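Peer 1: structure, please.
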Amino acid sequence: MKSAFLVSAAESFEDDVWRAARSLGGDVSEASTRVQDEQGRVLLITGGLGLDGAGAWQDDLVSSPGLDALPDLSTAAAVLVECRWEDLFASWIARLAALLPGAAWVVDDDGVVWPATRVDPEGVRL
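Peer 2: Residues are numbered from 1 along each chain as shown. Coordinates of the predicted model:
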């Protein structure tokens, strides 16, 4: 499955993600959530990445179009978001990010950093 990371430096980031996902109708269980849209398309979010998976997104980051400078993500935590459909990914992550108390970013498969509320479904690489 195609994937990207949702990241934030907020202290309670993972807990905030699960709360927001639950409020949007996500099926949350332990450190993961599953969302299915009306067409049956699925988006999965997995947390608890630990040291091995958590740093995988931090190499060779670049700014998305329209982003003046990269945010400081040196202390950020990450969850993995798996989805085959860029339009579903972008719309659902934007809705979820709008409910988070702190800023969140998407790091796509090319290392491009997007504001989570403004991911371009045509430009993001999962």
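
Peer 1: quick one: the closest residue to Arg118 other than its chain neighbours from Leu100, how far?
Peer 2: Of all residues not flanking Arg118 in the chain, Ala94 sits nearest, at 7.1 Å (Cβ to Cβ, 6 or more residues apart in numbering). Backbone N, C-alpha and C define where each C-beta goes, glycine included. Going from Ala94 to Leu100 by Cβ to Cβ, to the nearest Å gives 11 Å.

Peer 1: what do these two both touch?
Peer 2: Common neighbours of Ala94 and Leu100, using Cβ atoms under 8 Å, 6 or more residues apart in numbering, are Ala116.

Peer 1: tell me the first helix or strand C-terminal of the lowest-mean-pLDDT helix or strand in the chain.
Peer 2: The helix or strand of the chain with the lowest confidence, counting by mean pLDDT, DSSP states H and E, is helix 50-54 at a mean of 59. Note on helix 50-54: by DSSP states H and E, the next helix or strand toward the C-terminus is strand 62-63.
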